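Asks: predicted model and sequence follow; I will ask about them next.
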Number of protein chains: 2
Amino acid sequence: MALRHAVLAALLDGEYSGYQLAKAFDIGVANFWHALPQQLYAELTRLEKDGLVAGRQVVQESRPNKRLFRVTEAGRAELERFAAAASKPSFIRDDLLVKVQAADRVGTAPVIEQLQERAAAADAKIELLGALLRQLRGDMDEEEFLLRGERIGPYLTCLRGLAFEREHRDWCLRIAAVLRERRRAPHGER
Amino acid sequence: MALRHAVLAALLDGEYSGYQLAKAFDIGVANFWHALPQQLYAELTRLEKDGLVAGRQVVQESRPNKRLFRVTEAGRAELERFAAAASKPSFIRDDLLVKVQAADRVGTAPVIEQLQERAAAADAKIELLGALLRQLRGDMDEEEFLLRGERIGPYLTCLRGLAFEREHRDWCLRIAAVLRERRRAPHGER
DNA sequence: TCTGAGTAGTCACTTTTTTGAGTATGATGC
DNA sequence: GCATCATACTCAAAAAAGTGACTACTCAGA
């Protein structure tokens, strides 16, 4: 039960529909969890059944009706319990790293290409997160916001995401450069 | 099928038993994938059935017999195919981040504690990876090794792991400091 | 007027990952 | 001499995550 708590945490700041939640999971929440819309709808259904969130129907004209969910007291308590329990260690799990591990035993050309695509994607995400951070802290500077802002959780996770993306971009570019250089000027035998 | 390729990539450097592989997955390979021994044994069985690895029985005295596996030509070809295919984007997936996201809506004390434990664990991993990198590059310096070393794949993924752990440690320490400071000097109302 | 994109979701299914409980032997430490 | 650790694995099951295929309605643009 892991997506469960990510959904609860994402839902702390107000009412969201499954659809809106899916968008949040594509940007801010993606810094600590990832899920497809179907998974979110399913999890919301389970959470509601367990009384951890409450949904209400909102009838709309000119677009489909929707259900908005908010965290209940029981949900908040569950999150409290979760926060106090031990966390599993985090780790990277990335196809691209697997390819790099094999890098000098398989063709490097496609890997170099993917490293560069990744770097570009990371760049895009860095901009997105920068904008999100500016928006979250409003007119305060970061230090002041972190000390006096009233809701810093999402900001803190975005900081982590930003650092991750920067690091990832730099690594991708460096590794791509190394692999290109080695193609240009071959090394030992083989 | 993702663990599959991680196992193949890890097996590129020689013959390993499931048991040895499990150790590798706890240190170096953990930089790009993570798995429990049971999964590795199961995956090795499947890989062998599919002809991507070949196992041979090694009879031992004074300890249980073991089976050593190596990547076959078909396995190498599969890895080649995998390297050329598109990769899924990577993302962080971390309980602790979920807790931080909820940080100012639930009790922060246990979260601060966990952040510090994590920072310490990251420190330990940083040392481990540093030693592994020194061992992998032998008496060359990094630049020379990356250019002329004959097997740099594992080195490159360890570099990623090292950067990740450093970043993670710094973030944990900073966030712990921020949350402590906010407990000391409360902000807005609530 | 047709096409595609955005909103809002559901159902069924498969794959992957995790968890828990075992087996067996020799070596090492108190 | 007894307990625990390290080696080396296996089996079964549950939980979590991911995939594909669908429904329906509105609006904007070609």
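Replies: Yep, it's here. Numbering: from 1, shown residues only, chains lettered A, B, ... in the order given.
Asks: and the helices in chain A?
Replies: A:3-10, A:18-26, A:37-49, A:73-84, A:95-101, A:109-137, A:142-148, A:153-184 (DSSP state H).
Asks: can you lay out those helices as a markdown table showing mean neighbour count and distance to DNA strand C?
Replies: For every residue, glycine as well, the C-beta is placed using N, CA and C. Listed next are the helices of chain A as a markdown table, based on neighbours: other Cβ atoms under 10 Å in any protein chain shown; distance: least, Cβ to the nearest atom of the strand, whole Å:
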| stretch | mean neighbour count | distance to DNA strand C |
| --- | --- | --- |
| helix A:3-10 | 24 | 12 |
| helix A:18-26 | 17 | 4 |
| helix A:37-49 | 16 | 4 |
| helix A:73-84 | 18 | 14 |
| helix A:95-101 | 27 | 10 |
| helix A:109-137 | 17 | 16 |
| helix A:142-148 | 15 | 28 |
| helix A:153-184 | 20 | 19 |
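Asks: save those as a markdown table, and put in distance to DNA strand D and mean pLDDT too.
Replies: Putting the helices of chain A into a markdown table (distance: least, Cβ to the nearest atom of the strand, whole Å; pLDDT from 0 to 100) gives the following:
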| stretch | distance to DNA strand D | mean pLDDT |
| --- | --- | --- |
| helix A:3-10 | 3 | 97 |
| helix A:18-26 | 10 | 95 |
| helix A:37-49 | 4 | 97 |
| helix A:73-84 | 11 | 96 |
| helix A:95-101 | 11 | 97 |
| helix A:109-137 | 17 | 96 |
| helix A:142-148 | 29 | 96 |
| helix A:153-184 | 17 | 97 |
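Asks: those helices: which one's closest to chain B?
Replies: Closest to chain B of the helices of chain A is helix A:95-101 (Cβ to the nearest Cβ; 3.2 Å).
Asks: that closest one near chain B anywhere?
Replies: Yes. With Cβ under 8 Å from any Cβ of the partner chain as the criterion, chain B is reached by helix A:95-101 at A:D95, A:L96, A:L97, A:V98, A:K99, A:V100, A:Q101.
Asks: and the gap between the second one and B:R174?
Replies: Taking Cβ to Cβ, to the nearest Å as the measure, A:L96 falls 27 Å from B:R174.
Asks: correct me, but A:R4 touches A:K49?
Replies: No. Assessed by Cβ atoms under 8 Å, A:R4 is found out of contact with A:K49, at 11.8 Å.
Asks: how about the nearest residue to A:N65, chain neighbours excluded?
Replies: Excluding the flanking residues, the one nearest A:N65 by Cβ to Cβ, 6 or more residues apart in numbering or on different chains is A:V59, at 5.1 Å.
Asks: quick one, phi/psi of the one you found?
Replies: Backbone dihedrals for A:V59, given as degrees, to the nearest 10, come out at phi -80, psi 130.
Asks: give the contact list for the residue most central in space within chain A.
Replies: The centroid of chain A falls nearest to A:A30 when counting by Cα atoms, centre = their mean (1.5 Å). Residues near A:A30 by Cβ atoms under 8 Å, 6 or more residues apart in numbering or on different chains: A:G161, B:F91.
Asks: what's the answer for A:Y41, then?
Replies: Shown in contact with A:Y41 (Cβ under 8 Å, 6+ apart): A:G18.
Asks: how does chain A divide into domains?
Replies: Under the assignment automatic domain parsing, the domains of chain A span A:3-84, A:95-184.
Asks: now A:E43: how far from A:L3?
Replies: Distance of A:E43 to A:L3, given as Cβ to Cβ: 5 Å.
Asks: shared neighbours of these two, anything?
Replies: Both A:E43 and A:L3 are contacted by A:A35, under the criterion Cβ under 8 Å, 6+ apart.
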